[in-house]
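Visitor: No sequence on hand, only this structure:
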């Protein structure tokens with residue numbers, strides 16, 4: 001970490017522990033610079049980073065002070081949707097926004113994907129060439145479901161290193177994580193069933209529910225700690241729930257991360273009601289800190305957790321290789337895969353197996369995590385300075401999205417149309433709910449750190465927001 005990040009982390013711990021209570025004034029820049037033997041600019045960067053994380057606030061001509069409630073101040077408000085199931089209609093807005101990702105002339109603030117230049121694509125191409133040269137023709141048939149055995153062993157090994165026991169035979173290789181998620185939904189639900197999702201939630205979850213004739217129960221999601229477990233418990237007591245589709249780690253779009261004890265409680269609660277958990281874990285490798293969150297699968301004793309992962313967000317975008325650890329549903333998932341897409345492309349599986357076997361993956365991940373962590377800090381500080389008073393920002397611990405909650409007068413659908421005219425794509429908040437919620441919210445992609453258009457685009461968005469207020 002850079003010096004300002006180390007300093008910010010130290011003061012962050014002092015604030016969260018209560019050693020620096022609410023209302024306390026941070027040491028002056030001059031005093032801190034002298035006592036820590038760092039430059040004044042380093043101290044300013046540290047204080048700005050704490051401000052972007054919602055822990056401190058700046059008071060004119062007075063300095064920086066600990067916020068009154070540093071655990072929630074400057075964070076987005078928690079949505080409270082009605083606790084009933086509703087039919088899901090897929091909005092044209094989702095397809096319109098997805099269409100903008102194909103346009104290289106647009107600044108991709110609304111994209112769901114990180115920049116391709118963050119990934120070792122040349123090394124992967126060489127791994128594919130090596131793997132295909134050594135591939136016996138018969139192996140093409142062998143890689144029918146559940147998929148490439150060598151790749152499944154590597155995935156199981158990564159879970160083992162994280163302290164989660166996974167049998168390679170329970171892993172099904174899929175065409176990206178979305179197929180893993182939709183197959184999971186298919187085997188644990190029937191048309192008309194109700195499925196719990198977070199609010200806001202990933203729009204593809206809503207699309208999958210609509211396509212399968214399912215109803216959504218949107219439950220409130222805390223911007224820091226994820227799904228409200230009290231709401232989930234009340235819902236499970238009140239009505240039949242067929243499954244939960246949740247994203248405990250670096251939730252898209254909110255950025256929340258469920259604490260370890262909450263995950264344990266979640267799995268225990270669902271086990272008591274015999275409700276499967278479809279765990280959308282595609283961002284698990286993109287933690288900004290030194291340690292990954294503990295997988296919900298670690299607490300699964302009944303085989304009810306279907307953990308879905310992918311290499312698309314952390315290593316190989318476009319290769320479309322994902323997986324699901326199926327638990328008690330492993331055989332049903334394999335059969336569903338055979339009856340839908342039959343198999344996942346052999347060259348992609350072979351390339352990833354070869355790359356993982358010969359090392360370099362963890363080195364790549366360390367670099368990627370540092371890059372995304374720094375870009376998150378930069379984007380947070382910039383948004384804090386540019387966006388109007390009353391704007392709230394998420395403080396994600398991983399991934400590459402910020403959730404921005406503007407003052408309620410801001411219409412992000414209108415903002416989306418105006419930004420497109422300026423060559424900027426955005427992701428309006430209404431994409432992330434089956435109900436007309438989050439009309440003043442925006443998901444911001446900061447996963448293109450080498451794009452020189454990022455800062456000017458954010459300034460343009462801020463100007464458009466200010467014009468709406470005027």
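Guide: Perfect, I can see it now. The structure presented is a predicted model; accordingly, all values stated were derived computationally and were not measured. Numbering: from 1, shown residues only.

Visitor: in a helix, that's where residue 331 is, yeah?
Guide: Yes - with DSSP: H, G, I helix; E, B strand; the rest coil as the criterion, residue 331 is part of a helix.

Visitor: From residue 308, how far out is it?
Guide: Here residue 331 is placed at a distance of 17 Å from residue 308 (CB to CB, to the nearest Å). Placement of C-beta: from N, CA and C, glycine included.

Visitor: Check residue 212 too.
Guide: Going from residue 212 to residue 308 by CB to CB gives 16 Å.

Visitor: quick revisit: of residue 331 and residue 308, who's got more company?
Guide: For residue 331 versus residue 308, neighbours defined as other CB atoms under 10 Å are more numerous around residue 308 (27 against 13).

Visitor: Okay, and the beta partners of the more buried one?
Guide: With DSSP bridges as the criterion, residue 308 is bridged to residue 280, residue 324.

Visitor: List the contacts of it.
Guide: 177, 180-181, 184, 278-282, 322-325 (CB atoms under 8 Å, 6 or more residues apart in numbering).

Visitor: Could you list the residues in contact with whichever strand or helix holds residue 266?
Guide: Using DSSP states H and E, residue 266 sits in helix 260-273. Residues outside helix 260-273 that contact it (CB under 8 Å, 6+ apart) are 225-227, 229, 232-233, 236, 241, 244, 246, 248, 258, 276-277, 293-296, 298-302, 304-305.

Visitor: Mind doing that once more with 6 Å?
Guide: With CB atoms under 6 Å, 6 or more residues apart in numbering as the test, helix 260-273 has contacts from 229, 233, 236, 248, 277, 294, 296, 299, 300, 302, 304.

Visitor: out of these, which one sits closest to residue 412?
Guide: Relative to residue 412, the closest of the contacts of helix 260-273 is residue 248; by CB to CB it sits at 26.1 Å.

Visitor: Just confirm that closest one contacts residue 258, I think it does.
Guide: Yes - applying CB atoms under 6 Å, one finds residue 248 in contact with residue 258, separated by 4.0 Å.

Visitor: Pull up the overlap in contacts between those two.
Guide: Counting by CB under 6 Å, 6+ apart, the residues touching both residue 248 and residue 258 are residue 226.

Visitor: So residue 318: helix, strand or coil?
Guide: Recorded secondary structure, residue 318: coil (three-state DSSP).

Visitor: Now for it, how many residues are close by?
Guide: Neighbour count of residue 318, defined by other CB under 10 Å: 13.

Visitor: One more: residue 307?
Guide: Other residues near residue 307 come to 27 when the count uses other CB under 10 Å.

Visitor: Could you list which residues are in contact with it?
Guide: Residue 307 neighbours (CB under 6 Å, 6+ apart): 279, 281, 297, 325.

Visitor: what do you get for residue 347?
Guide: Residues counted as contacts of residue 347 (CB under 6 Å, 6+ apart) are residue 128.

Visitor: any idea which element it lies in?
Guide: Under DSSP H and E, the secondary-structure element containing residue 347 is helix 346-357.

Visitor: so what secondary structure elements neighbour the helix or strand that that helix is followed by?
Guide: Counting by DSSP H and E, the next helix or strand C-terminal to helix 346-357 is helix 361-386. Under the contact definition 3 or more CB pairs under 6 Å, 6 or more residues apart in numbering; DSSP states H and E, helix 361-386 sits against helix 40-52.

Visitor: so the helix it packs on versus helix 361-386, what angle?
Guide: Orientation of helix 40-52 against helix 361-386 (axes from the mean of the first three to the mean of the last three CA atoms, to 10 degrees) gives an angle of 80 degrees.

Visitor: Please point out which parts of helix 40-52 sit buried.
Guide: Neighbour counts using 16 or more other CB atoms under 10 Å place 42, 43, 45, 46, 47, 48, 49, 50, 51, 52 of helix 40-52 among the buried residues.

Visitor: okay but the third one is in contact with residue 4, surely?
Guide: Yes - between residue 45 and residue 4 there is a contact under CB under 6 Å: 3.7 Å.

Visitor: who touches residue 174 in this structure?
Guide: Counting by CB under 6 Å, 6+ apart, residue 174 has contacts 180, 322.

Visitor: What pLDDT is listed against it?
Guide: Note for residue 174: predicted pLDDT of 98.
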